[in-house]
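J.: Need coordinates for the following:
(chains A and B)
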Amino acid sequence: NAGVTQTPKFQVLKTGQSMTLQCAQDMNHEYMSWYRQDPGMGLRLIHYSVGAGITDQGEVPNGYNVSRSTTEDFPLRLLSAAPSQTSVYFCASRYGGSSYNEQFFGPGTRLTVL
Amino acid sequence: DAKTTQPNSMESNEEEPVHLPCNHSTISGTDYIHWYRQLPSQGPEYVIHGLTSNVNNRMASLAIAEDRKSSTLILHRATLRDAAVYYCILRSAGGTSYGKLTFGQGTILTVHP
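T.: Numbering: from 1, shown residues only, chains lettered A, B, ... in the order given. Next up is the predicted model:
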């Protein structure tokens, strides 16, 4: 298994540009989520999904959209990038059922917005 | 979500045991105690979790106080590869929380050769 994969690894955007961060998992996990991590901080939940076709907002959803058309993929869209969105973005997935199941994290996408 | 308190940083020597404390005085009966760690420039990885009893796995041990208001992650023999930020997280087993992870700032563990 490749686990959780994220592309790109690095990205530089100009203010106002849009882009999509890709996340895929090959473990048939029901739950997927996106976090952001600012320097020296812990991770904060942006959006999550409990299955294909079902998404919901996390702690810091503004400026981001998600959709989940398949079990495997959970892309994160930045609608109009702002410098405040400069961060490292992590995608995660886990089995459904018991909420204590461990989460598997991807390697992250480092985004800089100029 | 119930809050956890961890020291900002700790240091250890290689091959010595490390005890990483976590206080969670407002823990509820359905909260599991999870530990994740984040190595430099990587995503977090699961270490261990428990509810009431002490737990062991290949990576670490988790000692949970009888009143569950604190816990300790034990690395039995620290290696240089254990240098990371360690997060203690309470995770509800039910309700509408989806079991999401709420990360604090964690403890930065430095391991000296």
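
J.: List the contacts of the nearest residue to residue B:43 once chain neighbours are set aside.
T.: Spatial nearest neighbour of residue B:43, chain neighbours left out: residue A:105 (3.2 Å); criterion: Cβ to Cβ, 6 or more residues apart in numbering or on different chains. Any C-beta I mention is one placed from the backbone N, CA and C, and that applies to glycine too. If you count contacts by Cβ atoms under 8 Å, 6 or more residues apart in numbering or on different chains, residue A:105 has them with A:4, A:90-92, B:43-45.

J.: want to try JSON lines for those residues, with distance to residue A:18 and secondary structure as columns?
T.: Output for the contacts of residue A:105, formatted as JSON lines (distance: Cβ to Cβ, whole Å; DSSP: H, G, I helix; E, B strand; the rest coil):
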{"residue": "A:4", "distance to residue A:18": "23", "secondary structure": "strand"}
{"residue": "A:90", "distance to residue A:18": "20", "secondary structure": "strand"}
{"residue": "A:91", "distance to residue A:18": "18", "secondary structure": "strand"}
{"residue": "A:92", "distance to residue A:18": "23", "secondary structure": "strand"}
{"residue": "B:43", "distance to residue A:18": "24", "secondary structure": "coil"}
{"residue": "B:44", "distance to residue A:18": "28", "secondary structure": "coil"}
{"residue": "B:45", "distance to residue A:18": "31", "secondary structure": "strand"}
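
J.: Quick check: the two most widely separated of those?
T.: With Cβ to Cβ as the measure, no two of the contacts of residue A:105 lie farther apart than A:91 and B:45, at 13.9 Å.

J.: So for the two, which residue has more residues nearby?
T.: Using other Cβ atoms under 10 Å in any protein chain shown, the more surrounded residue of residue A:91 and residue B:45 is residue A:91, with 28 against 15.
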